[in-house]
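[1] Pasting a predicted model and its sequence here:
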Amino acid sequence: DLESKRFNTEEFFASRTVSFATDSVDWWTIDNYKGTSYVVTTKEVAAGDADKRLFKGHDTINIPLALANRKEGLNAVETAVKAVASVADDVINFFGGNSRLADKVTARVGMLKTSDNVHTVPKLVYMVGGKIPSNNREVFSAKSLYNNYINEKSFVANNFGNQYELHDSVSPVPFGFENFLELNTSNVFQTWDDRTGKVDSFKWNMGRDFAEMNFRIKNIYTKNLEEVTVEPE
């Protein structure tokens, strides 16, 4: 029954946290914490206007990987070794050699930085040309994952994108093999009034060419929402 509908308010969370893991034996995963966690809290714009039943619940998305830390420069020992290597390069090259010992020391910049040779948590390492680029925390971080993928769950982002009306057990819906192939490719459809819908699940009666469907149709039922974000450092 298309006239019978409900809103997807049970999918709303007042706050959501996306977190990568830290490694207790790798101090850098704790010291360089920015990017490891991102918190999104949804609030009313005008107090008293939104449905109070919405504002509850917390969604936690834990990623069982630690972010890699990039070696940004040489430490004191490496700087001293580079100075000695530079002298050695000068001497060897003076006599016709082709020494680049100092470059080998400098090449350590951009490598993975850890505080211990062992680890207890797998690491997510973004590499370009065999090294970790300086923008690695912009590409892989809790914030970037939320903004690029997870915010499809938001009731605010993407023009209040996750607000839908739900239709359950709608039957009979004409449904043949061609419809099955189309649905197998994409569960998205357009309604007669040009709204976007998604099929959540269906039961297909192949012998009678109809289906019973659960689906949702885009319906912005409140704009009285805003998000506040925090990226702990």
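    Received the coordinates, thanks.
[2] Might you list the low-confidence residue ranges for this structure?
    1-3, 48-54, 73-95, 99-110 (pLDDT under 70).
[3] tell me the contacts of the residue nearest the centre of it?
    Centroid-nearest residue in the chain: Leu145, 1.8 Å away (criterion: C-alpha atoms, centre = their mean). Neighbour list for Leu145: Val18, Tyr38, Ile63 [criterion: C-beta atoms under 8 Å, 6 or more residues apart in numbering]. To be clear about C-beta, it is placed using only N, CA and C from the backbone, and glycine gets the same treatment.
[4] cool, and Val199?
    Leu183, Asn187, Phe189, Met213, Asn214, Phe215.
[5] just checking, the third one touches Gly197?
    To tie it back to what came earlier, the one meant is Phe189. Yes - if you go by C-beta atoms under 8 Å, Phe189 and Gly197 touch, sitting 4.9 Å apart.
[6] Between those two, point out the one with more neighbours.
    Shown here are Phe189 and Gly197; by other C-beta atoms under 10 Å, Gly197 has more neighbours (18 against 14).
[7] Quickly note the distance from the more buried one to Val156.
    Noted for Gly197: a distance of 21 Å to Val156, by C-beta to C-beta, to the nearest Å.
[8] next one: Phe202
    Phe202 sits 30 Å away from Val156, going by C-beta to C-beta.
[9] Run through the strands of the protein in chain order.
    6-7, 15-21, 37-44, 58-67, 123-124, 164-174, 188-190, 196-205, 210-218, 225-230 (DSSP state E).
[10] wait, which of these is closest to Asn135?
    Among these, the nearest to Asn135 by C-beta to C-beta is strand 58-67 (13.1 Å).
[11] tell me what that closest one is packed against?
    The contact analysis (3 or more C-beta pairs under 8 Å, 6 or more residues apart in numbering; DSSP states H and E) places strand 58-67 against strand 15-21, strand 123-124.
[12] Mean neighbour count, these: which tops it?
    Among the helices and strands packed on strand 58-67, strand 15-21 has the highest mean neighbour count (mean count of other C-beta atoms under 10 Å), at a mean of 20.
[13] What strands flank it, and is each parallel or antiparallel?
    Its sheet considered, strand 15-21 pairs with strand 37-44 (antiparallel), strand 58-67 (parallel) by DSSP bridges.
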